[in-house]
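# 3D, please:
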Amino acid sequence: MDNGLYDYSPIVDRAPIRLPDGARVAFYVGLNIEHYQVDRPSTSIFAGTAGLTPDPLNYGWRDYGPRVGFWRVLDILDRHHLRASVLLNSDVVEHNPQIITAGVARDWAWLAHGKNNSILQADMSIEQERDYLTEVVDTIERATGTRPRGWMGPALSETFHTPELLAELGLSYVLDWTNDDQPYRLNVPGLLSVPYSVELNDISLFVGKATSGPDFVQIVKDQLDQLHAESADSGRVMALALHPFVIGQAFRAKYLDQALEYVANYPGVWLTTTDEIAAHFSSASPLAESAQAEDDQVR
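Numbering: from 1, shown residues only. The predicted model follows:
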């Protein structure tokens, strides 16, 4: 079957996107704050024990994130005055409430990221998924005082009904479809896709490809340099996807610090959140209205 969620739109054929204050690149940190169940396999650093129950090696590696790695990353973000876009498993509310308190104090953006990263909703019926998503969104709203506007599925997973169910719940954007450098409208009324990255992502780089710290810094620099060069006529979005149990390891901390220092001092970069990117793209600016009108005429 063909994908009916969005239409093909080559980036060279679109109406220009203008960012606030003349910026050319919108940059955000996608900080994955996740909970893992002890009796289910998940993201692992050593395949040899990944199927065991329990699996102290891989579970402990993941659990380093909320216990230690998060707090190290928090200090680095504060140093560069960066607010995170938190991809939040709702189970974190119960298991790691101090993390919620720290993020609320910093006015972070909170995105729904499922209940935990051990359960995917891919096989749920529409009724089961509606109940599941409602519980996730309501739990995050109660804990943070803010109803999530965005969604990213655990392991970027969805069903074919997920976008419409999210729209029913009042969410306005998703990160799961990692196919663009600009936001775009999905074929679900009121719902956007906002760029996210599976390559500029610490799991892909450090765990999947054994990237070194200095190489990570250079990759971040190269990504920003290229997007900035391409954005003279229309803005771009740069996402940096981080997991505290990966980038929060002690020997990687200075490289995250170096990478963010480069970004934070780069001319023409809007340091922002996914909420603000989605709101700006959806705002009633002439360019946004023109782009929507052109899309509607094509359809």
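# counting neighbours, what do you get for residue 164?
Residues lying near residue 164 (other C-beta atoms under 10 Å) number 17. Every residue, glycine included, has its C-beta placed from N, CA and C.
# secondary structure class for it?
The assignment at residue 164 comes out as helix when based on DSSP: H, G, I helix; E, B strand; the rest coil.
# and it, what pLDDT?
If you check residue 164, the pLDDT there is 98.
# list the contacts for it?
Contacts for residue 164 (C-beta atoms under 8 Å, 6 or more residues apart in numbering) come out as residue 188.
# and it, how far is that from residue 256?
From residue 164 over to residue 256 the distance is 37 Å, taken as C-beta to C-beta, to the nearest Å.
# next: residue 185.
As judged by C-beta to C-beta, residue 185 and residue 256 stand 33 Å apart.
# compare these two (neighbour count), which wins?
residue 256 (25 against 21).
# tell me which helix or strand that one sits in.
Applying DSSP states H and E as the criterion places residue 256 in helix 253-264.
# burial check on residue 196, number of neighbours?
Summarising burial for residue 196: neighbours were counted as other C-beta under 10 Å, giving 26.
# apologies, that question was intended for residue 158.
20.
# sec struct for the nearest residue to it once chain neighbours are set aside, please.
The shortest distance from residue 158 to any residue other than its chain neighbours is 5.6 Å, reached at residue 176 (C-beta to C-beta, 6 or more residues apart in numbering). Of the three states, residue 176 takes coil according to three-state DSSP.
# so what's residue 176 up against?
Residues near residue 176 by C-beta under 8 Å, 6+ apart: 151-153, 156-158, 193, 196.
# 7 Å instead, please
152-153, 156, 158 (C-beta atoms under 7 Å, 6 or more residues apart in numbering).
# so which elements touch the lengthiest strand in the chain?
Longest strand of the chain, by residue count under DSSP state E: strand 25-33. Taking 3 or more C-beta pairs under 7 Å, 6 or more residues apart in numbering; DSSP states H and E as contact, the helices and strands that strand 25-33 lies on are strand 84-88, helix 213-230, strand 236-242, strand 269-271, helix 274-282.
# rounded mean pLDDT for whatever helix or strand comes next after that strand, please.
Following strand 25-33 in sequence order, the next helix or strand is helix 56-64 (DSSP H and E). Average pLDDT, helix 56-64: 98.
# put the alpha carbons of helix 56-64 into PDB.
This file holds the C-alpha atoms of helix 56-64, laid out as PDB (Å, rounded to 0.1, in the frame of the first residue of the first chain):
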ATOM      1  CA  PRO A  56      21.700  -6.700  34.400                       C
ATOM      2  CA  LEU A  57      24.300  -5.700  31.900                       C
ATOM      3  CA  ASN A  58      22.000  -3.900  29.400                       C
ATOM      4  CA  TYR A  59      19.300  -2.900  31.800                       C
ATOM      5  CA  GLY A  60      21.900  -1.300  34.100                       C
ATOM      6  CA  TRP A  61      23.500   0.500  31.100                       C
ATOM      7  CA  ARG A  62      20.100   2.000  30.300                       C
ATOM      8  CA  ASP A  63      19.300   2.800  33.900                       C
ATOM      9  CA  TYR A  64      22.500   4.900  34.200                       C
END
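# alright, calling it a day.
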